[in-house]
Every structure is written in C-alpha cells, then in structure tokens.
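Peer 1: no sequence on hand, only this structure:
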C-alpha cells in the first residue's frame, strides 16, 4: 500500500485544511514524507486543535496560510494545480456546539461549503475528502453501526456535520466533484488536543496520566472504539488516491471497542503506572450522550483494501511517548 | 375550528418572521383578524417574496421591523412576551440555491438557528413553527410521500432546510422548546411571487395568463399537488395553538395531485381563456427535478384535525381575482 501511496502523492500538489490541527498535521507529515507539495490552511480557531507546534519539524517543507476557509481571496490561490484536498478543519466539541451553535455551523458547514465552491471553481478535477463523525448516528439503534444506520443527530455539531456531508455528496452528483466523506470514530495519537476534552475525552486522560493525576472515568461501562491517527491518515490517503469511492459516506473505525474502564486500565499500563478515579456520569452530558458505540467499517475496508494496523495498547504507548517530552508545548 | 383559533390567538403576542412575504403576510392578515398583536420581521431579501405591498391593508395594525434574523439586537425586542413564533423567512428557489449556496445556507439555516437561540433566551415558552419543504425528500421512491420517506436532498436548498429542521427538533429535545416543522408542498394564492418562478412555477403562470401571454408547460406529465395559501395558514395556526405536536416534522399538502398539463388547463379555465404552450423539459433543470410528487399528510390531519378546504379550481380563481387589479404592484 505504501508504494501505491507514493505513486499517488509524489510531486502532487495537495491542500490540507485544518493542517495545523491534530489529524490534519499528521496528514501533512505523511504527505511530506510521500513527496507531495503540501499547502496548509488553518484558521487556528481557539476551539480547535491547531498549533504551529504541530508542524515545527516540517515547517520548511509546507506552505501554511492562516486563514478561514470562508476567506476565498486567501484560500483560492492555494488550490492552483491541486489534485487532492483534505478538509480536516472544523470543530469537534459536542458541548462547545451547545454553547455556540452558530459558530459550530460556521466552522463545520459554511466553511466546508465555501471550500467546495472554491474547489468547484479552481480545482474541479481534485479529489476532496471531508472529515465527519460517528456522532451523526446519535445513540445507536444496533451495534456495530454501519452506514445504513439512520442519522439521529444528538447535538448541534452532528447537525452541522450532516449538512456538510450532504453538500459534498450533492457536489459529487450535481457537479461531478470527486468528493468523499469519512465518518470517524474517536481518534487519538500524537498532537491530539490534550489541554481539555474538546476533541475527545482521551486527550484529557493522556494529560492527566502524564501529569501524575488520576484518570477520571465517568461511569466506565460505556464501550468505545478508538482509531490511532496514523491509521486514519492512511484512510484519507487511500480514499483520495482511489477512483470510484467518491459520492459516498464511509465509516472509518479503528481497534475493536473496549469499555472506558478497560481503556483507563490500558492507558495506565502503557504509562507504567497511574491512578484511576471512577465517578458518576455527569447529568448535564446525559442529554447528548450516545451510550455504547462500535463502528462497522467493512464497506470502506472492502472498497479500498484499507485496514487499521495499530493496536490500542501500542497506540496509547506511542501517544504517551510523543507527549512525555513535549507536554508543556500542548497545555 | 375558527372559534378555537380565536381563543388561542385573541390578544396573543406573535412574531411572524418573513411576514412581508407570501405565506407570512397571509398569516399576518389572519392573525390580525383573529385579534392577535402581530410583530413582523423581514429582511426583504430580493430573492424572497417580501414586499411592503403585502401588508398595505393591515399596516396600522402590525409592527413590521426590517431586519435579518441574524441581527439579534433588532429581533430580540420583538420576542418580549411572545407566545407564538412563525418562521416563514428564507429562500425557496432551487435554482437560486445552486447559484448561491452560501446565501441559501445563511437564509434558511443560519438565520433559523439564530432565531431559535433568541427564542430559547427570550421566549422559551413560545411555540415556534418552521416552514420546510417537500423538496427534502428529493425524487420520491414511492407515492404519496409520508414522513417516513428517506430524505434525499436534490439541491443545496433542501440540504439547508434539512439542517434547519434538525435544529428545531433538537431544540425541542434538548431545550424543551415547542418547536414544530411543517413540510409544505407547492403553495399558491394571493401575494405569491409572480414576477418569476423563484417561489414556484405557478407564480409565473399566474402572471402570464393575466398578461395574456401563453402559459409555458415544461413536459406536462409531471404530477404535483398544490396547497392554497389559506389552508396552509390554517395549518400553521392549528399546529402552533395545539400542545402535543412539537418535536416532529409533518407534511402539509393541499388539493389532490394533478398533471402540469391539467393544471395549465385549469388556470386558463379559471381565467376565462388563455393559451398554453408545451415545450421540452429544460436539460439544466433535469439534475434537480424530482419527477411526480404527491403529499401524504395523514399524520398531520389525524394529529390536529386540520384538513385543506379550498379546491384547486376555486383557489386558482381567487388567486387570479386578487392579482388582476394589482398586477403592476407585483411585477
């Protein structure tokens, strides 16, 4: 697969929106390694995971532009000659979307639509990938959840992501854009946001275990599947490199689901020690909690040949290893 | 039913967003007649159907504010003491949404979300009604179309309306707002936009038959159901007056479906004469055309007791009668 990806991306001009963020910067690193010419656009939204630190070691090999995707005058030039556009920009916080649903709509829907319009005008032959979320399904009616599961958005963030997805699928059908949607489960790994739980709860656990503070488990019986960022990056690269996947939304999972209690034990073990504190599930989150979750991503695996390769214990160890010497850069 | 409505609305403070438009102004007339205190907010978006002429005869009995719903400082004061909020604002043109999808998203989704946030803060006990469209279903998989039909948005307008709907249903579930969605079929009647086909094709037919020009039928075999505006106004009034309907999206139809060829004959007959020209369906519209359509609105009828009362021939005659002496005000 790596040789295929090198053929696809060596010398290719690509744009990574949200490229200073967690998944976006991991994608930029990989694209640089594959020999692509990488442009980055990132608004450095304080609610997101973007940071110049995330590209410190590839700074001379990428073109980063600090701009909002709705700022066409700044974004359009980055699309010249572009063959692959990855949209990892946007907000991921469910609680944040309750507090400011209009900003969430702006970042996840309006910005994505503005980028689609620019791609349609400036790079109509490019593949464009949109990062969506398993949150669009809401509390699952059945497990594991495949793409035929009905959409029941439990919070404004999921409403905005569904609209963002729909525009991509529509632009494929109406305008022939090579647009594909990937619905991600919880993603973790180096460069994730760890100063709080805005990207996901695991970021805060990483911080706490490295600071020697107890990992706080709410409830603990809920099951979640987690995807290591390198596997997710591979999914984006494979999807954008292949014809025939466009015009659909695919689930992308990771390691098999575990309970949060089990996950807490795994991260403490990966750290070589630490404490776990279990408390009741906070009532203010119950309204938007989705209960157990497990992804069925067979459609994506069978269509593309992709599969995740990093086991949970290994991924957690790599994540802690990345952050241990860099903790202060990420707080 | 009229006595029930009078009890519900006499002395009530209500806000009609889009109240200078086609359906909004009809609603405002009816609310004034029922003895409500009517405030109107309307941006007079040139792409919409709003006009001061639409409320000329009730001008002294309503408070119209020219403002965008996203302008909280202007809209919030109108919500003081409000018990019923009707959101008839927004854009309806499918072709318009292809030409400017970002403005469509702003008018149909962002503005609606801004209003929801204001209602949540200023009038949390109010009923709020959102006008949506049968376009959310796309090309029907089966006829007639009930609310369990899957959503297949065929154009950006439908994507934006689905997101607008979702926010309303979510605000009911998460914040307890009395929010209800009505999915309208083609609506016609006095004060509709007739200068072009932005609201729907029938507006242009009304204009042409009154000007003595031929009615242009594209294809002609497609079937559509049409709802007379007074019946639709009744549906909004009944839904907002009743408890127990909130948190759902309901179809609201009208007269039984007819072919466009038959409809053209009916409008010419209602006019006492006129010409019909049949031409091929324009290829540029084929991508977003939905084919035949007929509403199944039994859920709304059974839940509320509402039913449409105006037959198609009668509604067309009343429409022509309204516009005949006022044609120049509406071109």
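Peer 2: Noted; the coordinates are in hand. This structure is a prediction, so every number in the text was calculated from the model and none was measured.

Peer 1: pLDDT-wise, which helix or strand of chain A ranks last?
Peer 2: None of the helices or strands of chain A scores lower by mean pLDDT, DSSP states H and E than helix A:283-286, at a mean of 76.

Peer 1: sticking with the residue lying closest to residue A:51 once chain neighbours are set aside, tell me its helix or strand.
Peer 2: Closest residue to residue A:51 in three dimensions, ignoring its sequence neighbours and counting by CB to CB, 6 or more residues apart in numbering or on different chains: residue A:20, at 6.0 Å. To be clear about C-beta, it is placed using only N, CA and C from the backbone, and glycine gets the same treatment. Per DSSP states H and E, residue A:20 falls between elements, in no helix or strand.

Peer 1: what residues does the residue of the stretch 201-331 of chain A found nearest chain B make contact with?
Peer 2: Relative to chain B, the nearest point of the stretch 201-331 of chain A is residue A:287 (5.5 Å; CB to the nearest CB). By CB atoms under 8 Å, 6 or more residues apart in numbering or on different chains, the contact set of residue A:287 is A:154, B:173, B:174.

Peer 1: I'd like the residues you listed laid out as a markdown table, including pLDDT and secondary structure.
Peer 2: Listed next are the contacts of residue A:287 as a markdown table, based on pLDDT from 0 to 100; DSSP: H, G, I helix; E, B strand; the rest coil:
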| residue | pLDDT | secondary structure |
| --- | --- | --- |
| A:154 | 95 | coil |
| B:173 | 96 | helix |
| B:174 | 96 | helix |
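
Peer 1: about what we covered before: contact partners of the least confident helix or strand of chain A?
Peer 2: In contact with helix A:283-286 (CB under 8 Å, 6+ apart) are residues A:95, A:218.

Peer 1: that helix: what's the following helix or strand?
Peer 2: Note on helix A:283-286: by DSSP H and E, the next helix or strand toward the C-terminus is helix A:298-304.

Peer 1: flag every buried residue along that next one.
Peer 2: Using 16 or more other CB atoms under 10 Å in any protein chain shown as the test for burial, helix A:298-304 gives A:299, A:300, A:301, A:304.

Peer 1: and what of stretch A:268-275?
Peer 2: In stretch A:268-275, counting by 16+ other CB under 10 Å, buried: A:268, A:270, A:271, A:274.

Peer 1: pLDDT wise, what is the residue lying closest to residue A:189 once chain neighbours are set aside at?
Peer 2: The shortest distance from residue A:189 to any non-neighbouring residue, by CB to CB, 6+ apart, is to residue A:229 (3.2 Å). Residue A:229 carries a pLDDT score of 98 in this model.

Peer 1: ok, residue A:229 to residue A:31 distance?
Peer 2: 14 Å (CB to CB, to the nearest Å).

Peer 1: which one's more surrounded, those two?
Peer 2: Neighbour comparison, residue A:229 and residue A:31: the larger count goes to residue A:31, with 27 against 24 (by other CB atoms under 10 Å in any protein chain shown).

Peer 1: could you list every residue that touches that one?
Peer 2: Residue A:31 makes contacts with A:9, A:14, A:16, A:38, A:237, as judged by CB under 8 Å, 6+ apart.

Peer 1: tell me the helix or strand right after whichever strand or helix holds it.
Peer 2: Of the helices and strands defined by DSSP H and E, residue A:31 is found in helix A:22-33. Heading C-terminal from helix A:22-33, the first helix or strand you meet, by DSSP H and E, is strand A:37-42.

Peer 1: give the pairing partners of that following strand; include direction for each.
Peer 2: Note on strand A:37-42: by DSSP bridges, its sheet partners are strand A:13-17 (parallel), strand A:62-66 (parallel).

Peer 1: now the helices for chain A?
Peer 2: Here chain A has its helices, by DSSP state H, at A:2-9, A:22-33, A:72-75, A:94-99, A:101-105, A:111-122, A:156-175, A:201-211, A:229-241, A:260-270, A:283-286, A:298-304, A:312-323.

Peer 1: among those, which is nearest residue B:330?
Peer 2: Among the helices of chain A, helix A:156-175 comes nearest to residue B:330, with 31.6 Å by CB to CB.

Peer 1: need the residues of the stretch 1-150 of chain A near chain B, please.
Peer 2: When proximity is defined by CB under 8 Å from any CB of the partner chain, the stretch 1-150 of chain A lies next to chain B at A:98, A:101, A:102, A:105, A:106, A:109, A:110, A:113, A:114, A:117.

Peer 1: got the confidence number for the second one?
Peer 2: Spelled out, it's residue A:101. Residue A:101 carries a pLDDT score of 98 in this model.

Peer 1: so who does the closest residue to it other than its chain neighbours touch?
Peer 2: Counting by CB to CB, 6+ apart, residue A:156 is the residue found nearest to residue A:101 once chain neighbours are left out, at 3.9 Å. Contact analysis of residue A:156 by CB under 8 Å, 6+ apart lists A:97, A:98, A:101, A:104, A:105, B:113, B:167, B:170.

Peer 1: same thing but at 6 Å, please
Peer 2: By CB atoms under 6 Å, 6 or more residues apart in numbering or on different chains, the contact list for residue A:156 reads A:97, A:101, A:104.

Peer 1: filter the residues you listed down to just the buried residues.
Peer 2: Looks like these have A:97, A:101, A:104 buried, using 16+ other CB under 10 Å.

Peer 1: closest one of those to chain B?
Peer 2: Of the buried ones among the contacts of residue A:156, the one sitting nearest to chain B (CB to the nearest CB) turns out to be residue A:101, at 5.8 Å.

Peer 1: tell me how far the closest one lies from residue A:236.
Peer 2: Separation of residue A:101 from residue A:236 (CB to CB): 27 Å.
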